[in-house]
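Enquirer: Turn this into a model:
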Amino acid sequence: MEALSRALHLKQNVTIDLVSAVFGVIFTAGAIKATQLVIRNKQERVLRSPRDLVLPKLTAAEQELLPYPPDSLPGGRDVDSPYGTMRVYEFGPEDGRKVLLVHGITTPCLALGAVAQGMADRGCRVMLFDLWGRGYSDSPDLPHDDRLFSTQILLALTSSPLAWTGDGRKFSIIAYSLGGCVATSFTAHSPNLVESLVLLCPTGLIRSRHLGRQRRVMLAADYVPEWIMEKFVKKTLQKPMYSNENKDDDKEAGVEKVARAELEEEPTTEYPISKKYPHLTVMGAVQWHLQQHPGFVRSFMSSVRYAPITGQDAIWKKLALREDKTLIVAGTTDPIIIANEIKEDAERVLGDKLEWILLSGAHDIPVVDSETICGHIAKFWAL
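Expert: Next up is the predicted model:
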């Protein structure tokens, strides 16, 4: 009986060891698989731009036919980072005043191409970059807030072969629409880096009543499947700004107007958005990356949710502590950056540190009237 007992005990231990070994193998395999899934998911959190998805399939001649060729502006480079790869352009005299340009919510940086070239022709060293998810910049799965955008600005600056900061060096910023609130936040938190701030039709002080249905829907998007939201936004951005369907429709307001107001007109200035490809249009570039960039809609939606588009009085008040004035240029018929409202609110927070210019035109004045804008900026900077 004792021998049988020892045999049964041994068999029981063997069985337990065997079962444990099997479960160990299963657990290990599962852990490896889970780890692979996690790694894969982390890799997929950066949605690649047309730089990786489109350009490798095209010849150089075919790339030149794109609505946004990769060499639309001079001095292009791709900057790698933990957030993905971003596209930067830098050109103009190396010893000129250094000027960073930050574009709007819908467009790539090409929208400010005419302003950039106008300032370069006036002796400035200019730098532009595609915000995350636009143009040739990847789309990271992170909140597109002032923290992410400020980091992107620093990534762009440090990628330059020239020194833009350090040893008392400062640079100036020209920012448009969404870029206005991004640049304002950056300047407020890094006052010793920015020499002068110029805001073209800026967001940041938009009154809440102008934030339309789209932002309200997006702010409640936690309850809506992401693919439905993306489909809704994509359809909205594909509509022309003033089609018969939307003309005089007061129900449409806020973010959707900001987005498509950037695309309202074609250039009428002597400065095209691209000197190399003077036929290019902002609308064409936007429609192209809307179709070809898998992260564009995601980045657009995240910017609507998290960027400092409204309620930024405290940040703007920090600008009043700076020695230099802030120049704001607005349009008389802008459908969302209402001229009299932005002037009133800017005067309230900036006081005598505000320089104000009102031009005839809508939200797209940096595209259609770039030469006039460059002239005012040059005068403001005494170039």
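Enquirer: Tabulate the CA atom coordinates of the helix or strand encompassing Asn340 in CSV.
Expert: Asn340 is part of helix 339-350 when elements are defined by DSSP states H and E. C-alpha atoms of helix 339-350 as CSV (Å, rounded to 0.1, in the frame of the first residue of the first chain):
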residue,chain,number,x,y,z
ALA,A,339,-13.4,91.6,-37.1
ASN,A,340,-15.1,93.8,-34.6
GLU,A,341,-15.3,91.0,-32.0
ILE,A,342,-11.6,89.9,-32.3
LYS,A,343,-10.5,93.6,-32.1
GLU,A,344,-12.6,94.2,-29.0
ASP,A,345,-11.4,91.0,-27.3
ALA,A,346,-7.8,91.5,-28.3
GLU,A,347,-7.8,95.1,-27.0
ARG,A,348,-9.3,93.8,-23.7
VAL,A,349,-6.4,91.4,-23.1
LEU,A,350,-3.5,93.1,-24.9
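Enquirer: what's downstream of it, the next helix or strand?
Expert: strand 354-359.
Enquirer: which outside residues touch that following strand?
Expert: Strand 354-359 is contacted by residues 325-332, 339, 343, 346-347, 365, 369, 372-373, 376, 380 when judged by Cβ atoms under 8 Å, 6 or more residues apart in numbering. Glycine gets a C-beta too; all of them are placed from N, C-alpha and C.
Enquirer: still on that earlier bit, got the angle for the helix holding Asn340 vs strand 354-359?
Expert: Orientation check (axes from the mean of the first three to the mean of the last three Cα atoms, to 10 degrees): helix 339-350 against strand 354-359 gives 170 degrees.
Enquirer: Give me the subset of the contacts of strand 354-359 lying in strands.
Expert: Per DSSP state E, strands hold the following members of the contacts of strand 354-359: 326-331.
Enquirer: quick one: stretch 275-295 to chain centroid distance?
Expert: With Cα atoms, centre = their mean, to the nearest Å as the basis, stretch 275-295 stands 15 Å off its chain's centre.
Enquirer: How about stretch 305-322?
Expert: With Cα atoms, centre = their mean, you get 17 Å for stretch 305-322.
Enquirer: and the nearest residue to Gly179 once chain neighbours are set aside, what are its phi and psi?
Expert: In space, and not counting its chain neighbours, Gly179 is closest to Val102: 3.3 Å by Cβ to Cβ, 6 or more residues apart in numbering. Phi and psi for Val102, reported as degrees, to the nearest 10, are phi -120, psi 120.
Enquirer: quick one: Val102 and Ile153 touch, right?
Expert: Yes. Contact criterion Cβ atoms under 8 Å: Val102 and Ile153 qualify, at 7.4 Å.
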